[in-house]
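**Student:** Structure, please.
(one chain, ligands or ions: 1)
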Amino acid sequence: MSKIYKEIGIGFIPVLLVFLAFQGVNVIPILFVSVLGGSLLYMMKTRGGIGTAAGGGDRKSKNRTPSFLTFDEIGGQDRAKKELMEALDFLIKHEEIKKLGIRPLKGLLLTGPPGTGKTLMAKASAHYTNSVYMAASGSEFVEMYVGVGASRVRDLFKDARARAIKEGKDNAIIFIDEIDVIGGKREGGQQREYDQTLNQLLTEMDGIHTNEAPRILIIAATNRKEMLDSALLRPGRFDRHIEVDLPDKKGRLAILHIHAKNKPLAEGVTLEQTADQTFGFSGAQLEGVLNEAAIYAMREDKPALEQTHLASAIDKVMMGERTDKETANDEKERVAYHELGHAIIAELVRPGSVSQVTVSPRGKALGYVRHNPPQDHYLYTKDYIEDQIMIALGGAAAEEMIYGGRSTGSRNDFEQSLSMVRNMMDAGLTSLGIIDREMVTKEQLMKENAVILDALMLRTKKMLDEQRSVFEHSFAILMKEEVLSGDTFRTLFDASVSQSA
Ligand code: ATP
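**Tutor:** Reported below is the predicted structural model:
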């Protein structure tokens, strides 16, 4: 109905203006005032005003209380969830804690790598405590104009209180992602705008009266806790820190199950295998794996996700999309020898660990070997790291053995090797003993680095030289098929070893 009136109005106004002009009325001031009024109305509609903290419609949908998200829908993270729920109970049982004289909680800090579920935790907290949920990101407070960030912080708290009262809730949870953007260490001088924003946040936190409803709890998230100003971390502010880490195997499996709920899995597909092969993946990456696997199934017109789709999806998330890079045949041959070098060493030092050898380009890589970690590792021995370095050096060693020289294809392998040597030095696993970088000269470090890498390169070359027949057996098949599964590779490996024995 209102649309019809609007259209009639739009048609009527110009006719009226023309009529008035014919009557000799000066319509220019009317036109000017209408244009000005229209523009103002338009600006107010599109910007949504500062009252919505930092944005327009997007922000509104972000802030809607996520009534659907519970802690059960967050996979793994059992310890973090337990700690968080315990802290949230302070908000729920505020009467009890008052009796014991416990200081109520104002701020909770979630720390951990990107994509591990910190935002999910904040949303689930709002559901758990039946609170209003407001979200903002540190970067939204950063503006060119001094004072704008601070006024946005003020508005955010004001809005949270107003919404809680309007919706009849006792609590409001304000989630601030990337808190390090505004909460970084204050060094004075240049960062006036950042300082004002942070000061305003601290003032608002100090002004939270935890005894009267609506009670406000701030949950902040960061990947860089060490960057935060100590004023933010002191008791009474963000004094509860909860680590949200990358999931272990059990956690990965739980996350995969959550995201597989709405996807048909073919018979025989085990998510266990996917959980095994995704060591180091975050929750967001695991969600990406299932999504990509479903896309592969759709491309192939399959009604359900198969294990091969999941395997390709892991590669896609880890390495990037398969590229159409046309490689010259001699280049592809070199890549095949290089990857076989990695795979053979991996199979020798850790039998059964190769999951796939590929010579089709993906992302920036021309070929790659995917490994199965036997189980999640958080502690590494010297032998384990040396084996890893030899696997990394295997590509360059194979090129030297076959072509008598290396290519630029080993750059990434060397970077990995150097970082592992650095790790060994810092952990006191080298002949330098237990050191601090300041105690030794650059020359000493360089010398030790060379000694370790030269010895490991020599061992790698010797091991590969003893397996020339594996190269001969696998090379032609790898060139033809472009992908060798771990099982096929092992069959070829075992056949060559038993033949040469
Ligand atoms: P960032 O630090 O980059 O903001 P974050 O830690 O806040 O990341 P979320 O935004 O919570 O990560 O997670 C991103 C997506 O990853 C979620 O929408 C969800 O699909 C998936 N995800 C991450 N962790 C989990 C988990 N533990 N269980 C289920 N899904 C998860």
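**Student:** For the nearest residue to Asp315 once chain neighbours are set aside, what are phi and psi?
**Tutor:** Excluding the flanking residues, the one nearest Asp315 by C-beta to C-beta, 6 or more residues apart in numbering is Arg362, at 6.1 Å. Just so you know, the C-beta spots here come from the backbone N, C-alpha and C atoms, and that holds for glycine as well. Main-chain torsions, Arg362, degrees, to the nearest 10: phi -140, psi 130.
**Student:** residues contacting Arg362?
**Tutor:** 315-316, 319-323, 368 (C-beta atoms under 8 Å, 6 or more residues apart in numbering).
**Student:** what do you get for Ala254?
**Tutor:** Ala254 touches 75-76, 247, counting by C-beta under 8 Å, 6+ apart.
**Student:** and if you look at Ser230?
**Tutor:** Applying C-beta under 8 Å, 6+ apart, one finds that Ser230 lies in contact with Lys185.
**Student:** What number of residues are in the vicinity of the residue of the stretch 301-450 of the chain found nearest the ligand?
**Tutor:** Of the stretch 301-450 of the chain, the residue with the smallest distance to the ligand, taken as C-beta to the nearest ligand atom, is Val317 at 12.0 Å. For Val317, the neighbour count with other C-beta atoms under 10 Å is 20.
**Student:** next one: the one 10 residues further on
**Tutor:** One way to gauge burial is a neighbour count; for Thr327, by other C-beta under 10 Å, it gives 16.
**Student:** quick one: the strands in the stretch 351-500 of the chain?
**Tutor:** Secondary structure of the stretch 351-500 of the chain (DSSP state E, counting those that start in this stretch): strands at 354-358, 368-371, 483-485.
**Student:** Then the stretch 201-350 of the chain?
**Tutor:** Going by DSSP E, counting those that start in this stretch, the stretch 201-350 of the chain shows strands at 215-222, 238-243.
**Student:** And the ones you listed: which comes nearest His259?
**Tutor:** In terms of C-beta to C-beta, the element of those nearest to His259 is strand 215-222, at 20.9 Å.
**Student:** Name the residue of the protein that lies nearest to the ligand.
**Tutor:** Closest contact between the chain and the ligand, by C-beta to the nearest ligand atom, is at Gly283 (2.0 Å).
**Student:** Pull out the buried residues from the longest helix seen in the chain.
**Tutor:** What stands out as the longest helix in the chain, according to DSSP state H, is helix 442-465. By neighbour count on 16 or more other C-beta atoms under 10 Å, the buried set for helix 442-465 is 445, 448-449, 452-453, 456-457, 459-461, 463-464.
**Student:** before we move on, the earlier item: show me the contacts for the residue of the stretch 301-450 of the chain closest to the ligand.
**Tutor:** By C-beta under 8 Å, 6+ apart, the residues touching Val317 are 281, 285, 288-289, 292.
**Student:** what does Ala294 give?
**Tutor:** Ala294 makes contacts with 263, 305, 309, as judged by C-beta under 8 Å, 6+ apart.
**Student:** nearest to Leu91, of the residues you listed?
**Tutor:** Closest to Leu91 out of the contacts of Ala294 is Lys263 (35.8 Å), distances taken as C-beta to C-beta.
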